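Participant: Task: produce atomic coordinates for the following.
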Amino acid sequence: MLKRYHLLVCFIFILSACREDQKHVDKLFQVSAESLAAAAVMKAQQLEFVEARIAEITEVPFRAEKFKPIEISIKRIATFTNAASQQVKVLGELLTTENHADPGRTTVTSDWAKLAGTLYTQLSRFRDSVFSVDWPLRTEFSRDFPLFGAGLDSMIKSADDLSDLLQSVTYPAAGSFLSNVQFNILNAGWKCATYCLESIAYHDGCDSGPNLIIAQNPQVVLPDASITIGFGVGIFPYRNRYKMEVAVNDSPFKPLQNGIENIVVKAERKAGHYKVPMVIKYVDQDGKRQEIRKVVEYTVVDTLCGAGF
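Facilitator: This next block holds a predicted model:
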């Protein structure tokens, strides 16, 4: 009998330790949820600032017509973002109501987990809606648009996957998960809206495509001399949004990463006037591949004195 008593005491101690550990874990989840909620509020304010900034820009009469399309894009992104954020907020309110209805219960019900699974479809639509606002957004953020988190997005491929993941999790864990999702939504919306706002600085509100700019030094050279040719675009691209490539003298195309590049061409050996053909390829605002062709000219002389220098 005494032996059984000692076994019971050991079991109670183990159970108590497990409960204490769970309390610590729940506390960590609560702190995480609070921090993420505060960060989400900041992102929401930043998104509002972007909206306010573009509204301020379009208040100027001569800018209104030029920048109105960008303002419309930003407002659409904000609308989609706020709607998705509200869906998460509603789930959080239902989670709180469920928890208060049965204080003795520590894990979410199957009904709530199933309802939360619908977030997969809703947030997938949110992402597609944002990408439909402006075609470069999909190119820029298709790999940088986490919904549930970088580690979870690869695991969750359907509403059932999400429901299964949330089955029987504790209320603090579920709350932390929702706070994380809400932060991801607001952060993604803010980044996309900021991208649209920054495009004003890069293309002055006119997205008709880049113009090739070429400069060379020198233009009159001795035989076999080196000629430096700088080439770039009149509109410096944000993260190479136009997917530009440049080819010189029928050479393979070279990606234009920084808006401007330099190459060195060796002059001909014989005196005379020569031309260097250049081609730039890019993706226009409609997503179509385009080309611009230019020619660089230079003169080879026997002596620079003979050229009047």
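
Participant: Name the residues of the host helix or strand of Leu123 that are buried.
Facilitator: Following DSSP states H and E, one finds Leu123 within helix 119-131. By neighbour count on 16 or more other C-beta atoms under 10 Å, the buried set for helix 119-131 is Leu119, Tyr120, Leu123, Phe126, Arg127, Ser129, Val130, Phe131. All C-beta atoms are positioned from the backbone trio N, CA, C, and that covers glycine.

Participant: Switch these over to TSV; also include distance to Met155 and pLDDT.
Facilitator: Compiled in TSV, the buried residues of helix 119-131 are given as follows (distance: C-beta to C-beta, whole Å; pLDDT from 0 to 100):
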residue	distance to Met155	pLDDT
Leu119	14	93
Tyr120	11	92
Leu123	14	93
Phe126	19	94
Arg127	17	93
Ser129	23	93
Val130	22	93
Phe131	22	92
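
Participant: Can you redo these as JSON lines, where the extra columns are distance to Ile263?
Facilitator: Listed next are these as JSON lines, based on distance: C-beta to C-beta, whole Å:
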{"residue": "Leu119", "distance to Ile263": "51"}
{"residue": "Tyr120", "distance to Ile263": "49"}
{"residue": "Leu123", "distance to Ile263": "46"}
{"residue": "Phe126", "distance to Ile263": "44"}
{"residue": "Arg127", "distance to Ile263": "40"}
{"residue": "Ser129", "distance to Ile263": "43"}
{"residue": "Val130", "distance to Ile263": "38"}
{"residue": "Phe131", "distance to Ile263": "36"}
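
Participant: Show me what the helix holding Leu123 is packed against.
Facilitator: Other elements packing on helix 119-131 under the criterion 3 or more C-beta pairs under 8 Å, 6 or more residues apart in numbering; DSSP states H and E are helix 61-101, helix 135-141, helix 159-166, helix 171-203.

Participant: tell me the angle of the longest one relative to helix 171-203?
Facilitator: An angle of 170 degrees separates the directions of helix 61-101 and helix 171-203 when computed by axes from the mean of the first three to the mean of the last three C-alpha atoms, to 10 degrees.

Participant: So which bits of the helix or strand following helix 61-101 are buried?
Facilitator: Using DSSP H and E, the helix or strand that follows helix 61-101 in sequence is helix 110-117. For helix 110-117, the neighbour count (16+ other C-beta under 10 Å) marks Trp112, Ala113, Lys114, Leu115, Ala116, Gly117 as buried.

Participant: residue ranges with poor pLDDT in the stretch 1-150 of the chain?
Facilitator: Counting by pLDDT under 70, the stretch 1-150 of the chain has low-confidence residues at 1-24, 62.

Participant: do that again at 50, thanks
Facilitator: In the predicted model, the stretch 1-150 of the chain carries pLDDT under 50 at residues 1-18.

Participant: how about the CA coordinates for the helix holding Leu123, as PDB?
Facilitator: Extracted in PDB, the C-alpha atoms of helix 119-131 (Å, rounded to 0.1, in the frame of the first residue of the first chain):
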ATOM      1  CA  LEU A 119      -8.500  31.400 -43.800                       C
ATOM      2  CA  TYR A 120      -6.500  29.500 -46.400                       C
ATOM      3  CA  THR A 121      -9.000  30.300 -49.200                       C
ATOM      4  CA  GLN A 122      -9.600  33.800 -48.000                       C
ATOM      5  CA  LEU A 123      -5.900  34.700 -47.800                       C
ATOM      6  CA  SER A 124      -5.200  33.100 -51.100                       C
ATOM      7  CA  ARG A 125      -7.800  35.300 -52.700                       C
ATOM      8  CA  PHE A 126      -6.300  38.300 -50.800                       C
ATOM      9  CA  ARG A 127      -2.900  37.600 -52.300                       C
ATOM     10  CA  ASP A 128      -4.300  37.100 -55.800                       C
ATOM     11  CA  SER A 129      -6.300  40.300 -55.500                       C
ATOM     12  CA  VAL A 130      -3.300  42.400 -54.500                       C
ATOM     13  CA  PHE A 131      -1.200  40.900 -57.400                       C
END
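
Participant: Noted, bye for now.
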